[in-house]
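**Q** pasting a predicted model and its sequence here:
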Amino acid sequence: MSEQELKALRLRIDALDEKVLELISERARCAQEVARVKMASLAEGEVPVFYRPEREAQVLKRVMERNKGPLGNEEMARLFREIMSSCLALEQPLKVAYLGPEGTFTQAAAMKHFGHAVISKPMAAIDEVFREVAAGAVNFGVVPVENSTEGAVNHTLDSFLEHDMVICGEVELRIHHHLLVGENTKTDSISRIYSHAQSLAQCRKWLDAHYPNVERVAVSSNAEAAKRVKGEWNSAAIAGDMAAGLYGLTRLAEKIEDRPDNSTRFLMIGSQEVPPTGDDKTSIIVSMSNKPGALHELLVPFHDNGIDLTRIETRPSRSGKWTYVFFIDFVGHHRDPLIKGVLEKISQEAVALKVLGSYPKAVL
Ligand SMILES: O=C(O)C(=O)C[C@]1(C(=O)O)C=C[C@@H](O)C=C1
């Protein structure tokens, strides 16, 4: 390519950037207007709701449907995710608590869902995220709920039994683990590998094959593992890209998870009910009396109405020995007439039924 051609193309890019800039600014001004209208139409004592997950899901879906390339749909939606995040921050900067410390996959999930224009607050434990939301110190919380290799995150399920929370969104993240070391660590001198217990489990086969005799130490998060090895000489951490970048660690081996499709699902928790979008999921907790056929009775109304169950999990209830609660996710919104009917049927049989929330299916 000649210098001349390159120069002409860069001039075109400059001109296009100017238009993009103008359009983004116009969109941001429009969002400010939206905020003004929301404020003006408030009833006496009503609090304004700036963040609208159902609208955000619609915007992102529309972008993906209309995108003609060459950028991929997800790539394009991610750009719009960030534009919307910044527009919302003009209306109201959201405060989001997540399972920290900085650099965890939960932080990456929070950024994927809310974009980078939020004020984010790392918490030391899942229960603390719940408490922070319940206390009203933040607008939303982000917690992991299940992993495709290791199953349920029990701390999260148990926290739902203790706190009144509304689930207002979900996000799925592909989890890639790397073996990370600090600058002073020699490859052949590793005597200890730190990570979160779930991450150690997700890389068990790889560790058995490559470091069978090295001590594996479970710590509170993989970001914590990364933080520790930064200053140590003989240890390595298993953690993801965010932690590697944050603590300036070197990747000795990349993508060491045993299953290439290893993914984690995260939930956004708050107090805001989300209206239907037409493509939603609902999460409920049900406790049944301890008698034969109770689970069957619970599942029949879903089957009879052709409702797609996406997950069912059992946890011991806090109220009696050998009694259980079921966490169930299914497709649909609790305001849909069909779902309403099913929930009514279940509540007739159940000891207790709680709708944790209906929310748009993850778009990204
Ligand atoms: O449509 C709204 O209610 C807006 O506030 C605008 C907007 C946007 O930028 O598109 C911003 C924040 C909301 O979460 C949803 C959408």
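**A** Sure, I can see it. Residues are numbered from 1 along each chain as shown.

**Q** elements contacting the helix or strand hosting E74?
**A** Taking DSSP states H and E as the criterion, E74 maps to helix 73-91. Under the contact criterion of 3 or more C-beta pairs under 8 Å, 6 or more residues apart in numbering; DSSP states H and E, helix 73-91 touches helix 3-40, helix 53-66. For the C-beta atoms, the positions are set from N, CA and C on the backbone; glycine is no exception.

**Q** so which of those is nearest D308?
**A** Closest approach to D308 among those is made by helix 53-66 (18.3 Å; C-beta to C-beta).

**Q** how about that closest one and the ligand, any contact?
**A** Yes - counting by C-beta under 6 Å from any ligand atom, the ligand has neighbours in helix 53-66: 55-56, 59.

**Q** now those: which count as buried?
**A** 56, 59 (16 or more other C-beta atoms under 10 Å).

**Q** and among the helices and strands packed on helix 73-91, the most buried is which?
**A** Sort the helices and strands packed on helix 73-91 by mean neighbour count, taking mean count of other C-beta atoms under 10 Å, and helix 53-66 sits at the top with a mean of 17.

**Q** ok so, going back, what lies in contact with the helix holding E74?
**A** With contacts defined as C-beta atoms under 8 Å, 6 or more residues apart in numbering, helix 73-91 is touched by 24, 27-28, 31-32, 34-35, 38, 50-51, 56, 59-60, 63-64, 67, 71, 94, 112, 114-118, 363-364.

**Q** could you redo the last one with a cut-off of 6 Å?
**A** Contacts of helix 73-91 from elsewhere in the structure, counted by C-beta atoms under 6 Å, 6 or more residues apart in numbering, are 28, 31-32, 35, 50, 56, 60, 63-64, 67, 115, 117, 364.

**Q** ok, stretch 275-283 next?
**A** 54, 57, 167, 329-335, 356, 358, 360-361.

**Q** and the helix or strand hosting C168, what does it pack onto?
**A** Assigning secondary structure by DSSP H and E places C168 in strand 166-174. Counting contacts by 3 or more C-beta pairs under 6 Å, 6 or more residues apart in numbering; DSSP states H and E, strand 166-174 packs against helix 105-114, strand 263-270, strand 352-360.

**Q** between those, which one is nearest to the ligand?
**A** Across the helices and strands packed on strand 166-174, the ligand has its closest neighbour in helix 105-114 (9.4 Å, C-beta to the nearest ligand atom).

**Q** now that closest one against helix 73-91, angle please.
**A** Angle between the axes of helix 105-114 and helix 73-91 is 80 degrees (criterion: axes from the mean of the first three to the mean of the last three C-alpha atoms, to 10 degrees).

**Q** for the stretch 201-350 of the chain, which spans come out with low pLDDT?
**A** 321-322 (pLDDT under 70).

**Q** average pLDDT for the strand holding C168?
**A** Mean pLDDT, strand 166-174: 97.

**Q** ok, then the element right after it?
**A** Immediately after strand 166-174, counting by DSSP H and E, sits strand 178-181.

**Q** can you list the strands that the next helix or strand after that following strand pairs with?
**A** Under the assignment DSSP H and E, the closest C-terminal helix or strand after strand 178-181 is strand 192-196. Using DSSP bridges, strand 192-196 pairs in its sheet with strand 215-219 (parallel), strand 235-239 (parallel).

**Q** other residues contacting the last one?
**A** In other words, strand 235-239. 177, 179-181, 190, 192-195, 199, 203, 222, 225-226, 229.

**Q** of these, buried ones?
**A** Of the contacts of strand 235-239, these count as buried by 16+ other C-beta under 10 Å: 177, 179-181, 190, 192-195, 199, 203, 222, 225-226, 229.

**Q** and of the contacts of strand 235-239, the nearest to F105?
**A** Nearest member of the contacts of strand 235-239 to F105, counting by C-beta to C-beta, is N222, at 7.4 Å.

**Q** how much space separates the closest one from the ligand?
**A** 30 Å (C-beta to the nearest ligand atom, to the nearest Å).

**Q** I'd assumed S199 was in contact with that residue.
**A** Yes - in this structure N222 lies within contact range of S199 using C-beta atoms under 6 Å: 5.0 Å.

**Q** can you check the pLDDT for the residue lying closest to M64 once chain neighbours are set aside?
**A** Of all residues not flanking M64 in the chain, N73 sits nearest, at 4.2 Å (C-beta to C-beta, 6 or more residues apart in numbering). In this model, N73 is scored at 98, pLDDT.
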